[in-house]
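Q: sequence isn't available, so here's the structure alone:
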């Protein structure tokens with residue numbers, strides 16, 4: 001549950017609240033309208049140390065509860081800014097754990113400072129059947145296939161790419177860092193989204209793209225790769241909780257305390273389920289679905305409370321409904337969708 005007392009929270013949480021309320025949320029409508037995150041947002045997050053969040057977790061300075069609260073808080077400020085920035089932390093974690101020390105020495109400090117920005121492209125490997133494949137050749141791996149829904153294109157400098165190498169029969173996942181630039185076997189196709197257009201999301205197509213051996217961060221069995229995704233799912237659940245939390249807060253500000261209190265209890269239950277799923281990964285899809293469902297309910301309730309003005313293109317309520325819709329599908333899996341269908345049809 002999000003901490004209520006501002007005096008006894010971690011300084012990073014306190015700063016996240018200030019940024020979300022004073023910078024991100026006031027600009028979120030314009031970000032949505034223009035489909036572009038201001039460069040000042042990335043500079044602010046870097047200056048305040050948020051690009052080093054994953055590294056702080058690795059040193060024990062921040063625990064999972066603090067990270068979850070920071071992600072949820074920033075998501076309630078601006079979904080697009082937070083969603084792109086979140087991917088950076090995945091790349092930091094991947095580089096922090098690599099045995100490729102030369103690659104880590106080359107990029108890690110810059111990533112932690114935010115001088116270098118990174119994203120991730122793992123959906124092509126996690127899909128079943130896979131969409132992106134790696135084949136070992138002299139000097140590295142050739143990548144072929146698609147990486148769908150890659151966020152931060154044009155914003156990030158590097159991508160941590162994951163691809164399936166099943167040529168040896170071991171069904172490994174190959175991970176590596178590539179430059180976020182088209183050419184030499186890599187093309188990008190812009191996607192038009194109804195929400196989160198400012199996430200700069202593209203579909204990447206790889207055609208005999210060489211991932212050099214010195215840019216490989218490591219390989220892992222597919223089963224281990226999937227196990228790690230459970231933790232990523234918990235963090236992605238913060239986006240839904242952040243959207244829900246903002247809608248509930250606006251309901252309270254509109255004097256709708258009864259609805260806000262009921263939805264607040266559902267949000268607390270969703271957070272608890274997400275936390276519990278870290279120890280029981282099989283329950284994570286249902287927990288993720290419940291969080292997205294609360295986001296949709298809370299945003300819908302805000303529209304109902306506001307009335308006709310919520311239909312205006314620039315109104316916060318309609319934007320939150322669209323962003324709640326974003327959480328229904330972003331980083332989702334078939335089993336999560338099945339749980340969502342059950343919830344929505346109940």
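A: Nice, I can see it. None of these values were measured; they are calculated from a predicted model.
Q: give me the phi and psi for the closest residue to residue 58 other than its chain neighbours.
A: Leaving aside its sequence neighbours, residue 58 sits nearest to residue 96 (Cβ to Cβ, 6 or more residues apart in numbering; 5.4 Å). The C-beta positions use only the backbone N, C-alpha and C, and glycine is treated the same way. Backbone torsions for residue 96, taken as degrees, to the nearest 10, come to phi -60, psi -30.
Q: I'd say residue 96 and residue 54 touch.
A: Yes - assessed by Cβ atoms under 8 Å, residue 96 is found in contact with residue 54 at 7.0 Å.
Q: for these two, indicate the residue with more neighbours.
A: Per other Cβ atoms under 10 Å, whichever of residue 96 and residue 54 has more neighbours is residue 54, with 21 against 17.
Q: just to be sure, that one is in a helix?
A: Yes - the assignment for residue 54 (DSSP: H, G, I helix; E, B strand; the rest coil) places it in a helix.
Q: which residues touch it?
A: By Cβ atoms under 8 Å, 6 or more residues apart in numbering, residue 54 lies in contact with 89-90, 92-93, 96.
Q: next one: residue 154
A: By Cβ under 8 Å, 6+ apart, the neighbours of residue 154 are residue 200.
Q: ok so, going back, reformat the contacts of residue 54 as TSV; add distance to residue 190.
A: Putting those into TSV (distance: Cβ to Cβ, whole Å) gives the following:
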residue	distance to residue 190
89	24
90	22
92	26
93	27
96	31
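Q: test for you: state the pLDDT assigned to the nearest residue to residue 213 once chain neighbours are set aside.
A: Nearest non-adjacent residue to residue 213, counting by Cβ to Cβ, 6+ apart: residue 140, 4.4 Å away. For residue 140, the pLDDT comes out at 96.
Q: apart from its neighbours in sequence, what residue is nearest residue 153?
A: Among residues not flanking residue 153 along the chain, residue 202 sits closest, at 4.3 Å (Cβ to Cβ, 6+ apart).
Q: quick check: that neighbour touching residue 186?
A: No - between residue 202 and residue 186 there is no contact under Cβ under 8 Å: 10.8 Å.
Q: low-confidence ranges, the stretch 151-300 of the chain, go.
A: Residue ranges of the stretch 151-300 of the chain with pLDDT under 70: 168-169.
Q: tell me which helix or strand comes right after the longest helix anywhere in the chain.
A: The longest helix of the chain (DSSP state H) is helix 222-253. Downstream of helix 222-253, the next assigned helix or strand under DSSP states H and E is helix 257-277.
Q: tell me the buried residues in that next one?
A: Buried positions in helix 257-277, judged by neighbour count with 16 or more other Cβ atoms under 10 Å: 259-260, 263-264, 266-267, 270-271, 273-275, 277.
Q: same check, this time on stretch 37-44
A: 37-38, 41-42, 44.
Q: and stretch 139-151, by the same measure?
A: Buried residues in stretch 139-151, defined by neighbour count with 16+ other Cβ under 10 Å: 140-151.
Q: before we move on, what about stretch 183-195?
A: 186, 188, 191, 193, 195.
Q: so who does the second one touch?
A: Okay, so that is residue 188. Residues counted as contacts of residue 188 (Cβ under 8 Å, 6+ apart) are 150, 153, 182, 202-205.
Q: in the protein, which residue sits furthest out from the middle?
A: Computed with Cα atoms, centre = their mean, the maximum C-alpha offset from the centroid of the chain is found at residue 138, amounting to 34.2 Å.
Q: surely residue 162 and residue 177 touch.
A: No - assessed by Cβ under 8 Å, residue 162 is found out of contact with residue 177, at 11.1 Å.
Q: need the overlap of contacts for these two.
A: Between them, residue 162 and residue 177 share no contacting residue under Cβ under 8 Å, 6+ apart.
Q: closest to residue 14 out of the buried residues of stretch 183-195?
A: Of all these, residue 14 sits closest to residue 195, with 28.6 Å by Cβ to Cβ.
Q: contacts for stretch 267-278, please.
A: Residues from elsewhere that reach stretch 267-278, judged by Cβ under 8 Å, 6+ apart: 1-2, 64, 68, 230-231, 233-234, 237, 240-241, 244-245, 248, 283-284, 286-288, 290-291, 293-294, 298.
Q: same question for stretch 97-105.
A: Residues from elsewhere that reach stretch 97-105 (Cβ under 8 Å, 6+ apart): 95-96, 177, 214-218.
Q: one more: stretch 29-37?
A: Stretch 29-37 is contacted from outside by 38, 78, 80-81, 84, 155, 195, 197-198, 200, 313-314, 316, 319, using Cβ under 8 Å, 6+ apart.
Q: between all of these, which two are separated the most?
A: 155 and 313 (24.9 Å).
Q: more neighbours: which of those two?
A: Shown here are residue 155 and residue 313; by other Cβ under 10 Å, residue 155 has more neighbours (21 against 9).
Q: and for the more buried one, nearest residue in space, chain neighbours not counted?
A: Nearest to residue 155 is residue 200, by Cβ to Cβ, 6+ apart, at 5.7 Å.
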